[in-house]
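Undergrad: Any chance you can model this:
(one chain, ligands or ions: 1)
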Amino acid sequence: MLRRSFLAGLCLAASVGLAPALAQDTVRIGLILPMTGASSTTGKQAEAAIRLFMQQNGTTVAGKKIELILKDDTGVADTTKRIAQELIVNDKVNVLMGFGLTPLALAVAPLATQAKVPQIVTAAATAIITEQSPFIVRTSFTLPQATVPMAEWAAKNGVKKVVTLVTDYGPGIDAEKAFVERFAKDGGTVVESLRVPLRNPDFSPFLQRVRDASPDAVFVFVPSGFGSTFMKQFAERGLDKAGIRLLATGDVTDDDQLNEMGDTALGVINTHHYSAAHPSPENKAFVEAFRKANNGMRPNFMAVGAYDGINLVYKALEKTKGNTDGTALVDAMKGMSWTSVRGPVTIDPETRDIIQDIYIRKVEKVNGELWNVEFAKIEQVKDPVKAAKKP
Ligand code: DHB
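TA: Model prediction:
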């Protein structure tokens, strides 16, 4: 009886052209990003990349309409959590995506587990994140993944004494630990490890301590959006003139800000998974389309994490033939490989982290602009922290 009147209602609505899109014909993606606040460049880059992907690939996958719901969490974890709850309960999203900082990703992990909604982490990069929910799949990177090759390069290239300087939270501590352990294993010495607060960082007093320790090099991690402030203070403190070499993860020589950094950045060796200068045909086409759609803005690694994140959701939906069950989607993502604009990638079926090439790069001026020019790569690197835990 109930079913019949429901169907009758539907027919009536359809016949007068009022039928709403049936919920099951739409896949809703809740995209949570810091669009304002200190990490707003992450939000801006990620949103631009996702919109570009949808423009290039359409908004229908396996017969389903993709609907994107973008929310600004301002980079505050309590807000991320509240927004995720609303997206799950009220908007009935099928997928959650984004997460610009580690605490924001961690705040949502229990909700993803409880609601069985895939949580695609396109930015945050502390190693432990994927272990916090079986519904988390990550398309960014981990700090140990990017850092170990930096420590290896340093030890092989005559650097003996290092001070580490990192932002004092998850990814910074991961970077510090990975550098200290690998560099010591390879015969180097870390004489001091400094941690700078995440909020309103003033690097100057820390840089003075680096100067006083007079190491061969300082190894640095700061999150995306803080690199140009760091580089300015590095020059102001005269560290570039004091013969202390700067080694970094590519978060510091971030493509979003690299051109503003000036000559202080020239020659800086750093390691990361994506450079806008990556010389593949896929990346050349991506950078050109991204710049065209965004007033000349250069894509950074946050854009690429998001571009691959939405690609992964599309591919998973194709594989499940439009089935939006959370477990089915995550299962479809496990082991998936594709040619990213960063190079070849695979979702590790065991950890749900991304396996990718890590590049050693040097900041160079090419045609009047600063670029991270890749000169070596370590192929298909897994997150080393989880790899070490395996029996
Ligand atoms: C994180 C944020 C960043 O901007 C970055 O470059 C690396 C890691 C994070 O909070 O996990």
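Undergrad: Close to the ligand: what parts of the stretch 101-250 of the chain are there?
TA: 101-102, 123-126, 170-171, 223-224 (CB under 6 Å from any ligand atom). The C-beta positions use only the backbone N, C-alpha and C, and glycine is treated the same way.
Undergrad: Apply 8 Å and report the result again.
TA: Selection of the stretch 101-250 of the chain residues close to the ligand by CB under 8 Å from any ligand atom yields 101-105, 123-126, 129, 140, 143, 169-171, 221-226, 249.
Undergrad: need the contact list for the nearest residue to Ile129 once chain neighbours are set aside.
TA: If the residues on either side of it in the chain are set aside, Ile129 comes closest to Ala105, at 5.1 Å by CB to CB, 6 or more residues apart in numbering. By CB atoms under 8 Å, 6 or more residues apart in numbering, the contact list for Ala105 reads 99, 119, 121, 123-124, 126, 129, 132, 136.
Undergrad: Which member of the residues you listed is positioned nearest the ligand?
TA: Ala124 (3.7 Å; CB to the nearest ligand atom).
Undergrad: from what I can see that closest one touches Gly100, true?
TA: Yes - counting by CB atoms under 8 Å, Ala124 does reach Gly100; the two are 6.8 Å apart.
Undergrad: Between the two, tell me which one has more neighbours.
TA: Gly100 (34 against 25; other CB atoms under 10 Å).
Undergrad: Okay, and the more buried one sits in which element?
TA: Counting by DSSP states H and E, there is no helix or strand that carries Gly100.
Undergrad: can you check Ala248 too?
TA: Assigned by DSSP H and E, Ala248 falls in strand 245-249.
Undergrad: Direction included, what does that strand pair against?
TA: strand 217-221 (parallel), strand 269-272 (parallel) (DSSP bridges).
Undergrad: ok, of the contacts of Ala105, which one's closest to Thr60?
TA: Gln119 (23.6 Å; CB to CB).
Undergrad: Inside helices: which ones of the residues of the stretch 101-250 of the chain next to the ligand?
TA: 102-105, 143, 170-171 (DSSP state H).
Undergrad: State the pair within these that is farthest apart.
TA: Leu104 and Leu143 (15.9 Å).
Undergrad: So which residues of the stretch 51-200 of the chain form helices?
TA: Secondary structure of the stretch 51-200 of the chain (DSSP state H, counting those that start in this stretch): helices located at 77-89, 102-115, 143-156, 170-185.
Undergrad: before we move on, what about the stretch 201-350 of the chain?
TA: 204-213, 227-236, 281-293, 301-319, 326-333.
Undergrad: most packed of those helices?
TA: Highest mean neighbour count among the helices of the stretch 201-350 of the chain (mean count of other CB atoms under 10 Å): helix 301-319, with a mean of 25.
Undergrad: what does the stretch 251-391 of the chain put close to the ligand?
TA: 251, 254, 301-302.
Undergrad: what angle sits between the helix or strand hosting Asp357 and strand 245-249?
TA: For Asp357, the element it lies in under DSSP H and E is strand 354-366. Counting by axes from the mean of the first three to the mean of the last three CA atoms, to 10 degrees, strand 354-366 points 140 degrees away from the direction of strand 245-249.
Undergrad: Paired strands for strand 354-366, with orientation please.
TA: Partners of strand 354-366 in its sheet, by DSSP bridges: strand 269-272 (antiparallel), strand 343-347 (antiparallel), strand 369-381 (antiparallel).
Undergrad: if I pick the residue in the stretch 251-391 of the chain positioned nearest to the ligand, what's in contact with it?
TA: At 3.7 Å from the ligand, Asp251 is the closest residue in the stretch 251-391 of the chain, using CB to the nearest ligand atom. Going by CB under 8 Å, 6+ apart, Asp251 touches 146, 171, 221-224, 227, 272, 301.
Undergrad: same thing but 6 Å
TA: Contacts for Asp251 (CB atoms under 6 Å, 6 or more residues apart in numbering) come out as 221, 223-224.
Undergrad: Would you mark the buried spots in stretch 60-78?
TA: 61, 64, 66, 68, 70-75, 77 (16 or more other CB atoms under 10 Å).
Undergrad: Counting neighbours, what do you get for Lys390?
TA: If we define neighbours as other CB under 10 Å, then Lys390 has 8 of them.
Undergrad: Distance of it relative to Pro34?
TA: Separation of Lys390 from Pro34 (CB to CB, to the nearest Å): 34 Å.
Undergrad: Ala105 too?
TA: Between Ala105 and Pro34 the computed distance is 12 Å (CB to CB).
Undergrad: And for Gly238?
TA: When Gly238 is compared with Pro34 (using CB to CB), they lie 33 Å apart.
Undergrad: These two: who's more crowded?
TA: Per other CB under 10 Å, whichever of Gly238 and Pro34 has more neighbours is Pro34, with 27 against 12.
Undergrad: show me what contacts the nearest residue to that one once chain neighbours are set aside?
TA: Counting by CB to CB, 6+ apart, the nearest residue to Pro34 once its immediate chain neighbours are dropped is Gly75, at 3.8 Å. By CB under 6 Å, 6+ apart, Gly75 lies in contact with 34, 37, 39, 101.
Undergrad: Pull the most distant pair out of those residues.
TA: Gly37 and Leu101, at 9.8 Å, using CB to CB across the contacts of Gly75.
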